[in-house]
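In: predicted model, plus sequence, below.
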Amino acid sequence: MLGELEQDDIDAAGRGSGLRIDATPLPVASRPERRARARATAEAIARHLAKPGLLAAGRRPGAAVAVAKGVRAVFDDLGATYLKLGQLIGSAPSLFGDDVAMVFRGCLDEGPPIPFAEVKAAVEAEFGAPLDELFSSFERTPIAAASIAAVHKATMPDGREVAVKVLRPGIESVVAADVAVMKPLFDFVGAQIAVGIAGTLSGVLDGLELQMEEELDLRNEARAIGWFGTVLATMGITRARVPAVIPERSGRRVLTTEFLKGRSIDRLLDPANPPPELRPALIDALQAWFAATLTSGVFHGDIHAGNLLMLDDGTLGIVDWGVVGRLEESTRHFFRALIAGCLGDESAWPEVTAHLRAVYGTGLQDTLGLDGDAMLELVKGQVKPIMTTPFAELDLRQMLIGTEQSRERGPELEGTGLRTKLTKRYRYWQEQRRLQQTFRNSPGRRSSFDRDTFLLSKQLVYLERYGKLYLPDVPLLYDRDAFAAMLAAAPA
């Protein structure tokens, strides 16, 4: 059949340390496509946000949530790349606040469904056969619908229950137009506003663009599932699992896997009283994630809570392998040194700092007015607490939104007059803008190291969310001996 994967192709992805991922370059959005998408964006903003008093609500109680609901409605209307941004917001309460993040939680799997006629046509085109010959049953309503695909439950002719993931028709052109519309806007906002989340928008979009280029070929996901299944088997982990791929019903635009029965871990019947199996299963999954990253440089690149399922049999299901990070050799050595430093090896920190200097130059260090030793202490002071602080006390904002030192220089506003407050705010903004411009002009901007560490950082944001829920007393580096063993097992 036209879209079938070979079982050997999936199995090969699980052997050795290599994992084949083929990016699908986005098409060049035409001028009419860019104009149409910009017009749709403006209309959605006018429909949901241009309401009397909404954006001028200031700091009144509930104002942030009201605005967030308006933005969520805009994202739902536009879908595609906008829903990707919504997924990040919904999985990062430490960055956006619990109430705002909750508004965007539905972006993980509650996007608009694909009309069933289009789903049917896509599946039949992929395999060159009628839908009722390919599956004995196929539910019309999706069990999940996100930014670039929807998932339907179905039954194979032999009775196996499966999940069928189908790419949205024409999604490549929509994403290309989104990126073309967003890029100049995000570049401008990042350069001019600079402070807080605004300063990271350009980098976020760069990361999402690369991520979606790989998600647009579902054969990548099939190979990634096979690869990580082998990792779990090699480590002897039985409390976490991935779904089996059905090769004869999988291709570029359709992926069929075993149907895993369970609930996403943030939608349990009683999240305040989770099943006792969840904690050890999460720790096993965390161990497997770090072990794969340290030893091979390969990791699940979208481990938000919606992709972790507490299964009916008491194990943890890890799904949605469309985004898989692959660290270059130099970046993997950097990550290993970083972990070694956090475990207490003081000799690793000069290597970490030297690598950052080699990638980004000395501009940031010069702008902050630091010598080499002070820069080392700054890097160590930011990174080590993130890895060694229990989740309940962890705050990742220091890593993702500027340096600890720059926040300490931030405006001290209590008990001062209006003119002094405005002056301090302005000076703080100027400093942040200089730092952002220094970073944006550095040689490492948009480098492979920049992209890889962005994707790693995003996973830490996701880990923090459910770590606070279910592992509040556990740090990321939860077991010194276990992580030391991972480093020893990793190729030098």
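Out: Looks like it came in fine. Numbering: from 1, shown residues only.
In: for this protein, what are the low-confidence residue spans?
Out: Counting by pLDDT under 70, the chain has low-confidence residues at 1-18, 52-62, 189-200, 269, 364, 396-446, 490-492.
In: can you tell me which residue sits nearest the middle of it?
Out: Asp302 (4.3 Å; Cα atoms, centre = their mean).
In: so it touches Val319, yeah?
Out: No - counting by Cβ atoms under 8 Å, Asp302 does not reach Val319; the two are 9.8 Å apart. Any C-beta I mention is one placed from the backbone N, CA and C, and that applies to glycine too.
In: for beta bridges, what are the partners of Val298?
Out: The residues listed as beta-bridge partners of Val298 by DSSP bridges are Arg326.
In: number of residues surrounding it?
Out: 21 (other Cβ atoms under 10 Å).
In: if I look at it, how far off is Arg219?
Out: Counting by Cβ to Cβ, to the nearest Å, the gap from Val298 to Arg219 is 16 Å.
In: equivalent analysis for Asp187, please.
Out: 33 Å.
In: just the strands in the stretch 101-250 of the chain please.
Out: Applying DSSP state E, counting those that start in this stretch to the stretch 101-250 of the chain gives strands spanning 137-138, 144-145, 149-155, 161-167, 240-241.
In: run through the neighbouring helices and strands of the second one.
Out: When you say that, I think you mean strand 144-145. strand 149-155 (3 or more Cβ pairs under 8 Å, 6 or more residues apart in numbering; DSSP states H and E).
In: try the fourth one
Out: Packed against strand 161-167 by the contact rule (3+ Cβ pairs under 8 Å, 6+ apart) you find helix 116-127, strand 149-155, helix 218-235, strand 254-258.
In: now tell me what touches it from outside.
Out: Contacting residues not belonging to strand 161-167 are listed as 114, 119, 122-123, 135, 138, 143, 148-156, 216, 218, 221, 243, 246, 249, 253-260 [Cβ atoms under 8 Å, 6 or more residues apart in numbering].
In: and the residue nearest to the centre of the chain, which of the three is it?
Out: At Asp302 the chain is in coil, as set by DSSP: H, G, I helix; E, B strand; the rest coil.
In: what sits against the closest residue in space to it that isn't next to it in sequence?
Out: In this structure, Asp302 finds its nearest non-sequential neighbour in Val323, 4.1 Å apart by Cβ to Cβ, 6 or more residues apart in numbering. Shown in contact with Val323 (Cβ under 8 Å, 6+ apart): Gln211, Glu214, Glu215, His300, Gly301, Asp302, Leu455.
In: thinking again about what came up before, so between Asp187 and Arg219, which is more surrounded?
Out: Arg219 (21 against 14).
In: and Met212, how far from Val123?
Out: In terms of Cβ to Cβ, Met212 sits 21 Å off from Val123.
In: thinking again about what came up before, who are the contact partners of the residue nearest to the centre of the chain?
Out: By Cβ under 8 Å, 6+ apart, the contact list for Asp302 reads Gln211, Asp320, Gly322, Val323, Tyr462.
In: need the residues you listed in CSV (columns: distance to Pro472 and secondary structure).
Out: Listed next are those as CSV, based on distance: Cβ to Cβ, whole Å; DSSP: H, G, I helix; E, B strand; the rest coil:
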residue, distance to Pro472, secondary structure
Gln211, 29, helix
Asp320, 25, coil
Gly322, 30, coil
Val323, 27, coil
Tyr462, 16, helix
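In: for these, work out which two are farthest apart.
Out: Farthest apart among the contacts of Asp302 by Cβ to Cβ are Gly322 and Tyr462. That separation is 14.6 Å.
In: comparing the two, which residue is more hemmed in?
Out: Per other Cβ under 10 Å, whichever of Gly322 and Tyr462 has more neighbours is Gly322, with 25 against 22.
In: my read: that one touches Glu221, true?
Out: Yes - using Cβ under 8 Å, Gly322 makes contact with Glu221 at a distance of 4.8 Å.
In: mind listing the shared neighbours of the two?
Out: Contacts common to Gly322 and Glu221, judged by Cβ under 8 Å, 6+ apart, are Glu215.
In: and the strands in the stretch 301-450 of the chain, which stretches?
Out: 308-311, 316-318, 324-326.
In: can you redo those as a markdown table with mean neighbour count and distance to Gly97?
Out: As requested, those are arranged in a markdown table below (neighbours: other Cβ atoms under 10 Å; distance: least, Cβ to Cβ, whole Å):
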| stretch | mean neighbour count | distance to Gly97 |
| --- | --- | --- |
| strand 308-311 | 22 | 22 |
| strand 316-318 | 24 | 28 |
| strand 324-326 | 23 | 27 |
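In: nearest to Glu393, of those strands?
Out: The minimum distance between Glu393 and the strands of the stretch 301-450 of the chain falls on strand 308-311, with 22.3 Å, by Cβ to Cβ.
In: give the partner strands of the closest one in its sheet and their orientations.
Out: Strand 308-311 is paired, per DSSP bridges, with strand 262-264 (antiparallel), strand 316-318 (antiparallel).
In: TSV for those, including distance to Leu26?
Out: Putting the strands paired with strand 308-311 into TSV (distance: least, Cβ to Cβ, whole Å) gives the following:
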stretch	distance to Leu26
strand 262-264	29
strand 316-318	27
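In: just so I know, which of the ones you listed lies nearest Gly306?
Out: Using Cβ to Cβ, the nearest of those to Gly306 is strand 262-264, at 4.9 Å.
In: could you give me the buried positions within that closest one?
Out: In terms of neighbour count (16 or more other Cβ atoms under 10 Å), strand 262-264 has its buried residues at Gly262, Ser264.
In: tell me which other helices or strands the helix or strand that comes right after that strand touches.
Out: Using DSSP states H and E, the next helix or strand after strand 262-264 towards the C-terminus is helix 278-296. Here helix 278-296 touches helix 218-235, strand 240-241, strand 298-300, strand 308-311, strand 316-318, helix 329-342, helix 448-470, helix 480-489, going by 3+ Cβ pairs under 8 Å, 6+ apart.
In: dump the ones you listed into CSV; add distance to Thr367 as well.
Out: Formatted as CSV, the helices and strands packed on helix 278-296 follow (distance: least, Cβ to Cβ, whole Å):
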stretch, distance to Thr367
helix 218-235, 39
strand 240-241, 43
strand 298-300, 32
strand 308-311, 40
strand 316-318, 41
helix 329-342, 22
helix 448-470, 18
helix 480-489, 33
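In: out of these, which is closest to Asp99?
Out: helix 448-470 (14.0 Å).
In: tell me how far that closest one lies from the chain's centre.
Out: Distance of helix 448-470 from the chain centroid (Cα atoms, centre = their mean, to the nearest Å) equals 7 Å.
In: ok so, going back, now the strands of the stretch 301-450 of the chain in TSV, with distance to Leu205?
Out: Below are those laid out as TSV (distance: least, Cβ to Cβ, whole Å):
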stretch	distance to Leu205
strand 308-311	26
strand 316-318	27
strand 324-326	17
